[in-house]
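Participant: 3D, please:
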Amino acid sequence: MSNRQKQESLATMAINIQMPALSPTMEEGTLAKWLVKEGDTVKSGDLLAEIETDKATMEFEAVDEGIIGKIVIPEGTDNVKVGEVIAVLIEEGESVPAAGASAAAPKAEAAPAPRPEPEVTKAAAATPAPVVASAAPAAAGDRVKASPLARRIAAQAGVELGAVTGTGPGGRIVKADIEGFKPGSVMAEKAPAAAPAAAPAPTAAPAPAPVHAQDFGIPHEVEKLSNMRKTIARRLTESKQQVPHIYLTVDIRLDALLKLRGELNAALSSTGVKLSVNDMLIKALAKALIACPKVNVQFAGDQLLKFKRADVSVAVSIPAGLITPIITDAGSKSISAISTVMKDLAARAKDGKLKPEEFTGGTASLSNMGMMGIKQFEAVINPPQAMIMAIGAGEQRPYVIDGALGIATVMSATGSFDHRAVDGADGAELMKVFKELVEAPLGLVA
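Facilitator: Here you go, the predicted model:
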């Protein structure tokens, strides 16, 4: 067999390893670190790389086995698009030097994929998607691979499978790929006539872009923003610009809750579970959301989503920024179960080990800065949620008890509400119920 035939044979066996979509909102990421090198043998489940997404730094696992023939994208590269080829895997038994030649073929096929779109689009509006499809799976096969469920969801949503990048084994398109699919530039080029009218909207969104560093000669160092910090900046700017916030604050007496917490911890001492005040507040917010369904909602343009359970996102500070792991169906969980789940989520959040479904979603959020001595603050809503509860420090204050001035442990809680979805009276009702649950906490264990 000639060298050319060998290279062509290897090229047909090569598997493109693509930048995965590690969260539903991820469009690009930073290839922070390779955990393998060219020539390494890997099998399904082995860790390949650390990838910094818009939410966290996560480890990327292999789904196929073989030899790392070529690393296409070096570590430290920013703005790597989802679906872009980052490495090439060849079959076991082939020599590493030969793999270097085979790697060029997948890379060459993948790179021109975006370029044919404008030309084909001009000829016929229906053809761009298949062109994209033929480029992506070229090394693995000549038909689009997708799960039956993904095909059904795509058909219902009118999504062309050929335009979707699969993140399942062997590039297989799965449910999450369809649900997270955004038409992108293909759709923009299909309707050039409409583009001028729509063009100002995208440019208006990044309006804060003209922010330039101003060096006044003060000694400083420049720190590059992580993808997470960029996302936090973008999302919070959009939230404050697009979501009309209304803020409602109540003072809540904590003495009864602190007493109950001490009794519960004494009873749970043999189990190793130790409840925090935050665990009990998560439960109180969840129960209040169920009791006030007009607040447990999401604004969606001309629709309002009304949720039947309370999934509470809890703000956790990590070195890269802020992430909100979710206590699913917190209203139905016991406080001890909430405590156990929260400790696990917080620990894995700090290690960057959360799965996308563990921090994406939620019906409302809770942010507690009381442990840092903050008396009161107004939190920014986490879109697309319609409310967030900001918890201040519990402190001893003068307080009227049974008609007489006394001393009580009191905290201030401020609810931020999306006024498009939640009327002030409904937000006030939730704050009232939350206060009652905290001040009469036996209702949390009933």
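Participant: next SSE downstream of the lengthiest strand in the chain?
Facilitator: Scanning the chain for the longest strand, with DSSP state E as the assignment, gives strand 404-418. Next helix or strand after strand 404-418 toward the C-terminus (DSSP states H and E): helix 424-439.
Participant: just the angle between that following helix and strand 404-418, please?
Facilitator: 130 degrees (axes from the mean of the first three to the mean of the last three CA atoms, to 10 degrees).
Participant: would you mark the buried spots in helix 424-439?
Facilitator: 426-431, 433-435, 437-438 (16 or more other CB atoms under 10 Å). Every C-beta, even on glycine, is put in place using the N, C-alpha and C of the backbone.
Participant: output these as CSV; include the columns pLDDT and distance to residue 224.
Facilitator: Output for those, formatted as CSV (pLDDT from 0 to 100; distance: CB to CB, whole Å):
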residue, pLDDT, distance to residue 224
426, 98, 43
427, 98, 39
428, 98, 44
429, 98, 45
430, 98, 40
431, 98, 41
433, 98, 45
434, 98, 40
435, 98, 44
437, 98, 44
438, 98, 42
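Participant: just those residues now: which is nearest residue 237?
Facilitator: Lowest distance from residue 237 to these (CB to CB) belongs to residue 427, with 23.2 Å.
Participant: ok, that closest one - contacts?
Facilitator: 246, 248, 295, 387, 415, 417 (CB atoms under 8 Å, 6 or more residues apart in numbering).
Participant: same question, residue 89
Facilitator: 14-17, 42, 62, 64, 66-69.
Participant: average pLDDT across stretch 372-387?
Facilitator: Along stretch 372-387, the predicted local confidence has a mean pLDDT of 95.
Participant: centre of the chain to that stretch, how far?
Facilitator: 18 Å (CA atoms, centre = their mean, to the nearest Å).
Participant: buried subset of the contacts of residue 427?
Facilitator: In the contacts of residue 427, the ones that pass as buried (16+ other CB under 10 Å) are 248, 295, 387, 415, 417.
Participant: residue 359 versus the fourth one, what's the distance?
Facilitator: When you say that, I think you mean residue 415. 22 Å (CB to CB, to the nearest Å).
Participant: do the same with the last one
Facilitator: With the distance defined as CB to CB, residue 417 ends up 22 Å from residue 359.
Participant: tell me the buried residues in stretch 407-415?
Facilitator: For stretch 407-415, using 16+ other CB under 10 Å, the buried residues are 408-415.
Participant: again with stretch 325-338
Facilitator: For stretch 325-338, by 16+ other CB under 10 Å, it's 325-328, 330-331, 333, 335-336, 338.
Participant: same check, this time on stretch 438-446
Facilitator: 438, 441, 444.
Participant: before we move on, what SS does the last one have?
Facilitator: Going back to what we said before, that points to residue 444. Here residue 444 is recorded as helix under DSSP: H, G, I helix; E, B strand; the rest coil.
Participant: wait, doesn't it sit right on residue 284?
Facilitator: Yes - taking contacts as CB atoms under 8 Å, residue 444 lies within contact range of residue 284: 6.0 Å.
Participant: what do the two both touch?
Facilitator: What both residue 444 and residue 284 touch, as defined by CB under 8 Å, 6+ apart, is the set residue 437.
Participant: for the nearest residue to residue 232 once chain neighbours are set aside, give me its contacts.
Facilitator: Spatially, and ignoring its direct neighbours in sequence, residue 232 is nearest to residue 321 (5.1 Å; CB to CB, 6 or more residues apart in numbering). Contact partners of residue 321, counting by CB under 8 Å, 6+ apart, are 226, 228-229, 232.
Participant: ok, now how distant is residue 321 from residue 91?
Facilitator: Residue 321 is 41 Å from residue 91, by CB to CB.
Participant: likewise residue 387?
Facilitator: 53 Å.
Participant: repeat for residue 382
Facilitator: From residue 382 to residue 91 the distance is 46 Å (CB to CB).
Participant: who has more neighbours, those two?
Facilitator: residue 382 (22 against 17; other CB atoms under 10 Å).
Participant: can you list the strands that the longest strand of the chain pairs with?
Facilitator: Sheet pairing for strand 404-418, assigned by DSSP bridges, gives strand 245-253 (antiparallel), strand 387-391 (antiparallel), strand 395-401 (antiparallel).
Participant: make JSON lines out of those strands and add distance to residue 346.
Facilitator: What follows is those, written out as JSON lines (distance: least, CB to CB, whole Å):
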{"stretch": "strand 245-253", "distance to residue 346": "24"}
{"stretch": "strand 387-391", "distance to residue 346": "16"}
{"stretch": "strand 395-401", "distance to residue 346": "24"}
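Participant: which of the ones you listed is buried the deepest?
Facilitator: strand 387-391 (a mean of 26; mean count of other CB atoms under 10 Å).
Participant: three-state assignment of residue 264?
Facilitator: helix.
Participant: from residue 445, how far out is it?
Facilitator: 8 Å.
Participant: list residues touching both of those two?
Facilitator: In contact with both residue 264 and residue 445: residue 335, using CB under 8 Å, 6+ apart.
Participant: residue 297 and residue 386 touch, don't they?
Facilitator: Yes - in this structure, residue 297 is within contact of residue 386 by CB under 8 Å, at 5.2 Å.
Participant: show the contacting residues for residue 309.
Facilitator: 290, 328-329, 331-332, 363.
Participant: if you set the cut-off to 10 Å instead, what comes out?
Facilitator: 286, 289-290, 296, 328-332, 363 (CB atoms under 10 Å, 6 or more residues apart in numbering).
Participant: pull the number of nearby residues for residue 79.
Facilitator: 11.
Participant: beta partners for the closest residue to it other than its chain neighbours?
Facilitator: Excluding the flanking residues, the one nearest residue 79 by CB to CB, 6+ apart is residue 28, at 5.1 Å. Following DSSP bridges, residue 28 is listed with bridge partners residue 81.
Participant: okay but residue 28 is in contact with residue 86, surely?
Facilitator: No - when contacts are counted by CB atoms under 10 Å, residue 28 is not listed as touching residue 86 (11.9 Å).
Participant: out of the two, which sits in the busier spot?
Facilitator: More crowded of residue 28 and residue 86, by other CB under 10 Å: residue 86, with 24 against 16.
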